[in-house]
Every structure is written in C-alpha cells, then in structure tokens.
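Participant: model the structure of this input:
(one chain, ligands or ions: 2)
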Amino acid sequence: MRAHLITYGCQMNEYDSHLVASELVSLGWELVDSVEEADFVLVNTCAVRGKPVEKVRALLGQLRKEKERRGLLVGMMGCLAQLDEGQQMARKFGVDILLGPGALTSLPEALKKHERFFDLTFRQDLLDYIPPPPKGALSAHVTIIRGCNHHCTYCIVPTTRGPEVSRHPDLILKEIEMLKAAGVVEVTLLGQNVNSYGKDQPGFPSFAELLRMVGQMGIPRVRFLTSHPVNFTDDIIEAIAETPAITRYIHLPVQSGSDRVLRRMAREYRRAQYLERIGRIREILPDAVLSTDIIVGFPGETEEDFQETLSLYDEVGYDQAYMFIYSPRPGTPAYKHFQDLPREVKVERLQRLIEKQKEWSYRRNLEWVGKTVEVLVRGVAKEEGYVQGHDRGNHPVLVPAHQAPTPGLYQVEIKQATPHLLFGEVVGAREPAPIPLPVA
Ligand code: 5AD
Ligand code: SF4
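Facilitator: Ligands and ions are numbered 1, 2, ... in the order given. Sure thing, here's the model as predicted:
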C-alpha cells in the first residue's frame, strides 16, 4: 500500500507530517511522491489565513474526483481539521480519515476501520511519540511544546492546537540523541511559544535550562522557533549568549508597532516593552540576527498606526520579516467583533512594508560582506552553478557548486550581498557528509 503526504503551513506541520510518515512506514506503507501513485493521500492543513484554507478546498475537490475514478483513501489532518469549517469540507469532499493536530497517533486505528474515522481529541501518547530521524537529513525539527495559551484576537491557533503542553525533557533529549547519531548537525526546537516551555508541568526545566541542556549535546547548531515577546526573558538571552551551539537567530514576532493595534490584538505587551526586549538582546548578543512577523491591515489600523509599524521597523532594523495581510478567520474574536479593512488599503500597506523590509535586509546583508560564516550547505540552488545553504543567522547563502560538492557545514567568506541572498566562497569545510547532493 502506498501513501502520499501533502503539507501546508508552518514548521510544526512539517514535523507532524514527518511524525505521521514514520507511523505509516512502521505500519508497512510505502511513501510515494505523487497522488497518481498513491492508494492513500493525506493532506496536512493550515488554517491560520484564508489562502491555505482555499488551497485545501481546491485540493480536496480534485481528490474527490480521483476517488470517484479509482477508489482512493483520503485523509485530512492539521489545524483546519480541528475546525467546523474543515469538518464540513471533509464531509462535502468525502474525506475518509480526519485527525486534529492532537490526534495524530490515532492513525493506525483509523486505517484499520473501514468506515469514516474522525478524531479531534488531544492524545497524551502524541507527546511521547518519538519519530525516527529523517533519512539522510542534516537538519531536523523537534517539537518541545504543543499548543498556545495566548489569545491574540486574530489567531485561530489556540482553538486548533489547544492549550500549551510541554513534552517531557527526557523524550526531547532522547529524540535529539537519535538525530545526532543519525548525522543531524542542526536541530530546531519547535513550539508555538517555545519560551513557555516547562511552565505547564511542575518539575520540568525552564526553556532557558532546556536550551543549555540541548546546547551541550554536541549538535553543532541548535535553533528555536517561535518566541513570544512577553516572556522572552533575560535568562533565555543569557543561555543563548553562554551556549556556543545555540545560533543567534532570534525570531520575535511583533505583529504591529502601534499600541492601539497591539491592544486590539491582545498582544500582552506594548511597543516600549517590545523595544526594551530588543535592546536587551542587542546588549547581550550584539551579533544577533533579528526577524519578526508583522500583520498589516488589522481591523481599525489607521495610517498613523501603520506609520508606527514602519517606524518600529526602522528602530529595530530587522534582518528579515515575514509580512502578512490580515485575514479574518471565523472563530476568532477579531472576526466576530471587528470590521475588515478594504483589500486595497491592506495590499498597499503591505507593499510599503515590503519596500522597508528590502531596504533593511539589503543593509543588514551588506554588513556580512568580508566576514566568514558557517554555512550548512543543503542542496543545489536555483541559480545555475551554485549550491545553497544557510548560515547561523538563517541567511540563505550561495556558493559555487564545485566548492561544496557534498552537503555539510562549510566555512564561507561572504563576497556579495543582495536584499535576499548572500554569495560567498568556501574557505574551509567541517565534516561534509558523504551523500549525494539533493535538490534544495
Ligand atoms: N491574518 C494574518 N496573519 C496571521 N497570523 C496569524 N493569524 C493571522 C491572521 N488571521 C500570522 C502572525 C503569526 C504568523 C504565524 O501568522 O503574524 O505570527
Ligand atoms: Fe496565535 Fe498569538 Fe498564540 Fe502565536 S501567540 S499562536 S499569534 S494566539
């Protein structure tokens, strides 16, 4: 029996897809790369914005046709599956198996049943499940905490993923040991709010303590995603500063630079507090690379509010930003209580913000020219004659293909920068892995 997985959304979903893929393999399924070859197609969905939801709707429509033609098994998992919106879609398109983000370990049972199987529970054994290391990977994710206890008014995640639940540190360390033994050189600790790690379970280490533990395991690079500004405390910044393996790439979503908007978003901090945290990061980690998430066109956002976002961008001078147009999500407080702004206003603000981002990214990227950085080369780049990787600051870096013939860690001197890329020359290698170069 052959299964094909299609994944939308964030790194949490990528991790969950890997987890489900390993469940399938342990049940004797073969994983294939296309719908045509598969007997079972499982779609891992995202509900954070309208666009990914519409993509899933279109895909399920296609899969229904395929199912009518040749009797395909269709599954749906992830955030959309947890919502009424997703379940209605699943019924309409004849989805056979539906698993919410907490129910992934029900898959073996679901596959045994020969009738429609929907599970929306949050299972304890999901937290204990250790997926085997991905084959041949140099970089891997490890979920340390699931769910979110915040209530940002625009966000559907607390509804879909439930409250915060930390995984036992012994399981996390065991999973990372296995990744290390399999040759992984970069581990990303994942959670909706990694810095809340341990708070929900008495006796668990704090996030700062966990960082120190993982940082001492001999993995060359340890990263983490995502942090909430409200509890990005000094002990976390100090743990990063004192642990060489932890990369100095800090993703700290601000969402808006206006206090009025932050309040309506229920973000639990104000501009000054956010900037205070940034100041502390810059003080303790002067070489930190900073990125953020910003939502433009939140309901009620005025031109003055938006100007505050632009001015905050200038004050921080982010290296990178992920920018989103506000998307009203049924089930969120903002959807219920606030009026969406006209699309033209949102699009025009996004364009201005993108211009700001390009200016700053270019400026920041130029600062790396002449410096030597460690690049994890992962595969062939789109640009002919180059391979691509990323440095410890998460910048994409291109090097001539002949200089890095195998994936692995290389010392690279940066020669040139664009707003999006760094170009460099290899000046040294560190244990390149003896496996053929995959396509990035
Ligand atoms: N509309 C637009 N962007 C959103 N995000 C979350 N919910 C929404 C929404 N309704 C963004 C936030 C978050 C990122 C993962 O997605 O910026 O940090
Ligand atoms: Fe959504 Fe806010 Fe939780 Fe992040 S912190 S997942 S934006 S509710």
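Participant: give me the neighbour count for the closest residue to ligand 1 within the stretch 151-300 of the chain.
Facilitator: In the stretch 151-300 of the chain, the residue that lies nearest ligand 1 is residue 293 (3.4 Å; C-beta to the nearest ligand atom). Every C-beta, even on glycine, is put in place using the N, C-alpha and C of the backbone. Using other C-beta atoms under 10 Å, residue 293 has 14 neighbouring residues.
Participant: what pLDDT does it get?
Facilitator: You'll see residue 293 listed with a pLDDT of 98.
Participant: wait, it touches residue 318, no?
Facilitator: No: at 10.4 Å, residue 293 does not count as touching residue 318 under the criterion of C-beta atoms under 8 Å.
Participant: state the mean pLDDT of the longest helix along the chain.
Facilitator: The longest helix of the chain (DSSP state H) is helix 343-366. In this model, helix 343-366 has a mean pLDDT of 98.
Participant: re the thing from before, quick one: residues contacting the residue of the stretch 151-300 of the chain closest to ligand 1.
Facilitator: 226, 251, 253, 254, 255, 321, 322, 323, 324 (C-beta atoms under 8 Å, 6 or more residues apart in numbering).
Participant: tell me the SS of the closest residue to the second one other than its chain neighbours?
Facilitator: Translated: residue 251. What sits nearest to residue 251 in space, not counting adjacent residues and going by C-beta to C-beta, 6 or more residues apart in numbering, is residue 291, at 4.8 Å. Classification of residue 291 by DSSP: H, G, I helix; E, B strand; the rest coil places it in strand.
Participant: for beta bridges, what are the partners of residue 291?
Facilitator: Beta-bridge partners for residue 291, by DSSP bridges, are residue 251, residue 320.
Participant: that one: neighbouring residues, count only.
Facilitator: For residue 291, using other C-beta under 10 Å, the count is 20.
Participant: OK, contacts around it?
Facilitator: Applying C-beta under 8 Å, 6+ apart, the residues contacting residue 291 are 249, 250, 251, 252, 318, 319, 320, 321, 322, 394.
Participant: where's residue 236, which helix or strand?
Facilitator: helix 234-242 (DSSP states H and E).
Participant: which outside residues touch that helix?
Facilitator: With contact meaning C-beta under 8 Å, 6+ apart, helix 234-242 is reached by 195, 206-209, 211-212, 215, 227, 246, 248, 250, 280-281, 284-285.
Participant: show me which residues of the chain sit near ligand 2.
Facilitator: Contact residues (C-beta under 6 Å from any ligand atom) of the chain with ligand 2: 148, 150, 152, 155, 157, 158, 192, 193, 228.
Participant: try it again with 5 Å
Facilitator: Within the chain, the positions near ligand 2 by C-beta under 5 Å from any ligand atom are 148, 150, 152, 155, 157, 192.
Participant: pretty sure residue 247 is touching residue 219, no?
Facilitator: No: using C-beta under 8 Å, residue 247 is not in contact with residue 219; the gap is 10.9 Å.
Participant: looking at the two, which has the bigger crowd around it?
Facilitator: Between residue 247 and residue 219, counting by other C-beta under 10 Å, residue 247 is the more crowded of the two (22 against 19).
Participant: so what's that one up against?
Facilitator: Residue 247 makes contacts with 221, 222, 223, 392, 393, 394, as judged by C-beta under 8 Å, 6+ apart.
Participant: cool, residue 359 as well?
Facilitator: residue 419.
Participant: please renumber so the chain begins at 41
Facilitator: With the count now opening at 41, the last piece we talked about shows up as residue 399.
Participant: that one and residue 406, how far apart?
Facilitator: 11 Å (C-beta to C-beta, to the nearest Å).
Participant: same check, this time on residue 283
Facilitator: Residue 283 sits 29 Å away from residue 406, going by C-beta to C-beta.
Participant: check residue 452 too.
Facilitator: Counting by C-beta to C-beta, the gap from residue 452 to residue 406 is 16 Å.
Participant: the more surrounded of the two?
Facilitator: Remark: of residue 452 and residue 406, residue 452 carries more neighbours, 27 against 15, as counted by other C-beta under 10 Å.
Participant: just how off-centre is the helix or strand hosting that one within its chain?
Facilitator: Assigned by DSSP H and E, residue 452 belongs to strand 448-457. Relative to its parent chain, strand 448-457 has a centroid offset of 24 Å by C-alpha atoms, centre = their mean, to the nearest Å.
Participant: so what strands line up beside it?
Facilitator: strand 412-420 (antiparallel), strand 462-470 (antiparallel).
Participant: tell me the average confidence for the last one?
Facilitator: Mean pLDDT, strand 462-470: 88.
Participant: one more: the first one?
Facilitator: Strand 412-420 shows a mean pLDDT of 96.
Participant: show residues contacting that strand.
Facilitator: By C-beta under 8 Å, 6+ apart, strand 412-420 touches 178-179, 225-226, 260-261, 426-433, 435, 437, 439, 441, 444, 446-454, 462, 464, 467, 470, 472, 477-480.
Participant: point out the other helices and strands that the helix or strand harbouring residue 316 packs with.
Facilitator: Using DSSP H and E, residue 316 sits in helix 311-324. Under the contact definition 3 or more C-beta pairs under 8 Å, 6 or more residues apart in numbering; DSSP states H and E, helix 311-324 sits against helix 274-282, helix 343-356.
Participant: tell me how far residue 188 lies from residue 232.
Facilitator: 4 Å.
Participant: now swap in residue 318 and tell me
Facilitator: For residue 318 relative to residue 232 (C-beta to C-beta), the value is 21 Å.
Participant: follow-up on the earlier one: which one of the contacts of residue 287 is nearest to residue 159?
Facilitator: residue 263 (31.7 Å; C-beta to C-beta).
Participant: so that closest one bridges to which residues?
Facilitator: Going by DSSP bridges, residue 263 forms beta bridges with residue 228.
Participant: residue 230 is in contact with that one, correct?
Facilitator: No: using C-beta under 8 Å, residue 263 is not in contact with residue 230, being 9.4 Å away.
Participant: what residues are up against residue 119?
Facilitator: Per C-beta under 8 Å, 6+ apart, neighbours of residue 119: 49, 53, 85, 86, 87, 88, 126, 141, 196, 197, 200, 201.
Participant: can you rerun that using 10 Å?
Facilitator: 48-50, 52-53, 56, 84-88, 92-93, 126, 140-141, 196-197, 199-201 (C-beta atoms under 10 Å, 6 or more residues apart in numbering).
Participant: likewise residue 288?
Facilitator: Residue 288 touches 263, 280-281, 321, 325-330, 432-434, counting by C-beta under 10 Å, 6+ apart.
Participant: any idea how many residues pack against residue 51?
Facilitator: Residue 51: 14 surrounding residues under other C-beta under 10 Å.
Participant: with residue 381 instead?
Facilitator: Residue 381: 18 neighbours (other C-beta under 10 Å).
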